[in-house]
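Novice: Everything below, folded, please.
(2 chains)
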Amino acid sequence: MKRFALAGNPNCGKTTLFNNLTGSTAHVGNWPGVTVEKKDGVYKKLAEPISIIDLPGIYSLSPYTSEEVISRNYILDEKPDCVINIVDATNLERNLYLTTQLLEIDVPVVVAVNMMDVLEKAGDTLNEIILEEKLGVRVVKISALEEDNLKTLMEVAYEASSSPREGRSILRDENLNHLIGDVKIAFKGKKVENPLFHAVKLVENDEIEAQMHPDLMPMVSEFKKTIKNETFGDDIEAIIADDRYNYIADSFSGVIVKHAEPEESKKKVKENKSDRIDKVLTHKVFGLLIFAVILFLVFHLTFSENFLFLGGVFERKGIAPSFEGTIYEGLFWTDGGINSPGVMLFNFFDMSFSAIIDVTKSAMETALGVGHWLVGFVCDGVMSGLFAILGFLPQILVLFLFFSIMEDTGYMARVAFILDRIFRKFGLSGRAFIPMIMGFGCSVPAMINTRTLADENEKISTIRVIPFFSCGAKLPILVAIAGGVCEVFGFTHIDVITYSMYVLGIIAAIISVLVLRHTTLKGETAPFIMELPQYHWPQFKSLMIHLWDKAKHFVKKAFTIILASTIIIWFLSNFGWNWHLVEDMQDSILASIGQLLQPIFTPLGFGSQLTPIGWVFAVAAITGLIAKENVVATITTLGAVAVAYLNSGLVDPAIIAAIEADEEGIAAATEMIRATGITWQGCIAFIAFNMLTIPCFAACATAKGELKKGTFKNTLAFWLIVSFVGASFVYCLLSCFSANDFVWALPVTLGVIIIAVSLWVTFYLRNKKMAKGA
Amino acid sequence: MLKKLDEFKIGETGRITKVEGEGRLRRRLFDMGVTPGATVYLRKKAPLGDPLEVTIRGYELTLRKSEANLVILEVEGEAK
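Specialist: Just a heads-up that it's a prediction; the model follows:
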């Protein structure tokens, strides 16, 4: 099968073309660097099927980031039958720079001028005859988005692929061409393929080339001494780059014919729609503020149970709707507030799932009899565990939809632009912000997004701190434990605890990045040289592709890893070492494992100092490694056991009923706190530990896939160390206060940490500056 | 008058005469079209004054002040 490779600048529409040629659903975004690995598909509308390879976008064949190396190596080593070079018609000058380099390789090339629809809409025309004459290869005008001329493009490419093409240089500097010619002959003598390309790159001082052919370097440097350019002296890199751009400017000035007078069109270029939007969104004063508002709205629309804070208004006017007793109860309205779209979807799924469980349970009970172990296994073990995870899918998708819109319109690139300055203080570039903020939703997509970071150490640091941005699945832990603390220790402000814990996560992330970037993952902040794409409306099709991809991924995970782990947990907590069902959970396999692990958590306040049943906290934390939802699930399931222990065998039906009726697990947590005798300091440390420790299984698998080989082990160790140190620090510090001091204990703790960090940063930066000055 | 790009005021235009620096960073600048002879227009600065956004070769490019410090230009058009 013939192979055609798609090559071009980032964000020039390669992936859109790829999707339309192959009917595939690859991810497209208005953000340079969306395609981070090569993808292949098949085009079937020609005489024979053609394999199409979508390469990551590149600005030149001297690679800069790791995904750019992929493109270069593919074209050179895998020798595709034809390279289709996609060129953005609205930005010919820079796009053709890559073309001049591609032409130097001995491979058939066809130039596809994309985005013709945008060009024509502006009233401009493009003369492809001049382009063909100058470049010496076929040129086809297309619109990947509107699917214009794609068939012609493929036919032309097919024709081109049947005859070989010899590389050709467009460089015009005579002395230089002389040198390149000589090096080319040397390469030919060595039987190296693509001699012209390698010769040019070697003369250009390309790192990869210089390493591969050290034997030719003396000859090149000898020759270089003879070259003296009027403007650039002996700066060959500059001479070649300049030569390429001059060639483009000279040859193609007449290619695009603007419809308007030059004077007028100049003005137009300076103030188009994109610029006007940009003026507002990246405004000097309001830019950051607007961003904060947009971000707040995104989270509000996804997670809030009081949409736009309208609940209070309705209540005051006495027109609050009541859905009590109807099937709408809880769907649109939660405790005096309208649900946001995300919560509505969440509740809808949640209700449907409960209904499915109820139906299955009653059906199975009629068939097998009440209390059969299989009923417990299928309904309480497998189904509730699985549905607990699937229930989060709608909210994750809603959050993802908003991020996709931000990415598709080109706003994300501006966010990186706005925030770069702040992030540089911590040794990261503005691009690292996006994966971090996505971490509040779910760590998995956040970690995948780190591929756009150019610097490897920056990428590793970012992946390591993503779990500290408390994800949606960690919220139940906060609500249940903090609720229990308030109940038992008579503290009235649950929100102080939850907010403090979010802040704690962010502080941990900041400290970690600072420490990592100055110790094991040292490195200058990567340069921030990035194209800012024009704004455009999000495309419905591409948004749906994003969401579909995400949903598929998530459901697959739920039915594999998470399903398996729920089964194992259920088994371990219901069977003893004798492989029989146990009456009392204290006799289960899980309990003995828990008791074994319990002492580890003593410095954190939820270990051996608790009553014999205290192992539940250890087990809850461990089950959280599979999915963070498990933490509260474990506490809820084990709540009844705790009650039994407290009443020395006498289970009070009223308390059991309360635990079962309570969705958020607060009642269970309350009983658990009473039964285990854990202190409130221990509870807070328990939350802190779960916030900071190794993330769920899905996130770990993603991290393993994204990280370079060997760094994953260190990353796991890093998470363990941070969570143990962080939680024991919180426990020790809080232990200085009594329960009555609660209101200020947490804020004071956080304040101490913040001041310490900012002092350290200030001193560190000053020392660094002084060292630089000296 | 010669001036470095990071000293430019918003709205100023200039023609690149020299790109300093070395290695990969310099290559990257060349690849993005920041070469001697190109005309640069400083569109705006980010809310905190850094990075910069410039128009070069018909597209928008963002770069930090530290990178702009490597680019030397002949000032052509004053800020309006």
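
Novice: Where in chain B is the helix or strand with the lowest mean pLDDT?
Specialist: helix B:23-31 (a mean of 85; mean pLDDT, DSSP states H and E).

Novice: Pull the number of nearby residues for A:Asp495.
Specialist: 9 (other CB atoms under 10 Å in any protein chain shown). C-beta coordinates here come from the backbone N, C-alpha and C atoms, glycine included.

Novice: Quick check: which ranges of chain B have low pLDDT?
Specialist: Scanning chain B for pLDDT under 70 picks out B:79-80.

Novice: where does it come near chain A, residue by residue?
Specialist: B:19, B:23-33, B:35-38, B:44-51, B:53, B:57-64, B:67 (CB under 8 Å from any CB of the partner chain).

Novice: Which of the residues you listed fall in helices?
Specialist: If you go by DSSP state H, the residues of chain B next to chain A have B:Gly23, B:Arg24, B:Leu25, B:Arg26, B:Arg27, B:Arg28, B:Leu29, B:Phe30, B:Asp31, B:Glu67 in helices.

Novice: What subset of the residues you listed is buried?
Specialist: Neighbour counting with 16 or more other CB atoms under 10 Å in any protein chain shown marks B:Leu25, B:Arg26, B:Arg27, B:Arg28, B:Leu29, B:Phe30, B:Asp31, B:Glu67 as buried within these.

Novice: Torsion angles phi and psi at the residue nearest to the third one when sequence neighbours are not counted?
Specialist: The spatial neighbour of B:Arg27 that comes closest, neighbours along the chain excluded (CB to CB, 6 or more residues apart in numbering or on different chains), is A:Ser62 at 5.3 Å. Main-chain dihedrals, A:Ser62, degrees, to the nearest 10: phi -90, psi 100.

Novice: count of neighbours near A:Ser62?
Specialist: Counted with other CB under 10 Å, A:Ser62 comes out at 23.

Novice: That one against A:Glu204, yeah?
Specialist: Yes: applying CB atoms under 8 Å, one finds A:Ser62 in contact with A:Glu204, separated by 6.9 Å.

Novice: May I see the ones in helices among the residues of chain B next to chain A organised as CSV, with distance to A:Leu98 added?
Specialist: CSV is the format used below for those (distance: CB to CB, whole Å):
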residue, distance to A:Leu98
B:Gly23, 20
B:Arg24, 17
B:Leu25, 19
B:Arg26, 18
B:Arg27, 14
B:Arg28, 14
B:Leu29, 15
B:Phe30, 12
B:Asp31, 8
B:Glu67, 21
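
Novice: Spit out the contact partners of B:Glu78.
Specialist: B:Gly11, B:Glu12 (CB atoms under 8 Å, 6 or more residues apart in numbering or on different chains).

Novice: how much space between it and A:Arg168?
Specialist: 43 Å (CB to CB, to the nearest Å).

Novice: now swap in A:Ser161 and tell me
Specialist: A:Ser161 is 18 Å from A:Arg168, by CB to CB.

Novice: With neighbour numbers in mind, choose between the two.
Specialist: A:Ser161 (21 against 14).

Novice: contacting residues around the more buried one?
Specialist: A:Lys2, A:Phe4, A:Asp81, A:Cys82, A:Pro108.

Novice: Where does confidence bottom out across these?
Specialist: Here the lowest pLDDT out of those sits on A:Lys2, with 90.

Novice: from memory it sits against A:Cys82, does it?
Specialist: Yes: with contacts counted by CB under 8 Å, A:Lys2 reaches A:Cys82, the gap being 7.5 Å.

Novice: which neighbours do the two share?
Specialist: A:Tyr158, A:Ser161.

Novice: out of these two, which sits in the busier spot?
Specialist: More neighbours surround A:Cys82 than the other of A:Lys2 and A:Cys82, with 23 against 17 (other CB under 10 Å).

Novice: Contacts only, for the residue nearest to B:Arg27.
Specialist: Here A:Ser62 is in contact with A:Lys201, A:Glu204, A:Asp206, B:Arg27, B:Asp31 (CB under 8 Å, 6+ apart).

Novice: rerun that using 7 Å as the cut-off
Specialist: A:Glu204, A:Asp206, B:Arg27, B:Asp31 (CB atoms under 7 Å, 6 or more residues apart in numbering or on different chains).

Novice: Leaving out chain neighbours, which residue sits closest to A:Thr152?
Specialist: A:Val140 (5.7 Å).

Novice: what are the ranges of the strands in the stretch 401-550 of chain A?
Specialist: A:530-531 (DSSP state E, counting those that start in this stretch).

Novice: Low-confidence stretches in it?
Specialist: A:452, A:454, A:492.

Novice: how about the residues of it near chain B?
Specialist: A:Phe417, A:Ile418, A:Asp420, A:Arg421, A:Ile422, A:Pro527, A:Phe528, A:Ile529, A:Met530, A:Glu531, A:Leu532 (CB under 7 Å from any CB of the partner chain).

Novice: so the second one sits right up against A:His283, yeah?
Specialist: No: under the criterion of CB atoms under 7 Å, A:Ile418 makes no contact with A:His283, lying 9.7 Å away.

Novice: In chain A, what helix or strand scores lowest on average pLDDT?
Specialist: That would be, for chain A by mean pLDDT, DSSP H and E, helix A:262-270 at a mean of 47.

Novice: surely the residue nearest to A:Thr152 meets A:Ala157?
Specialist: No: A:Val140 lies out of contact with A:Ala157 (CB under 7 Å); the separation is 8.2 Å.
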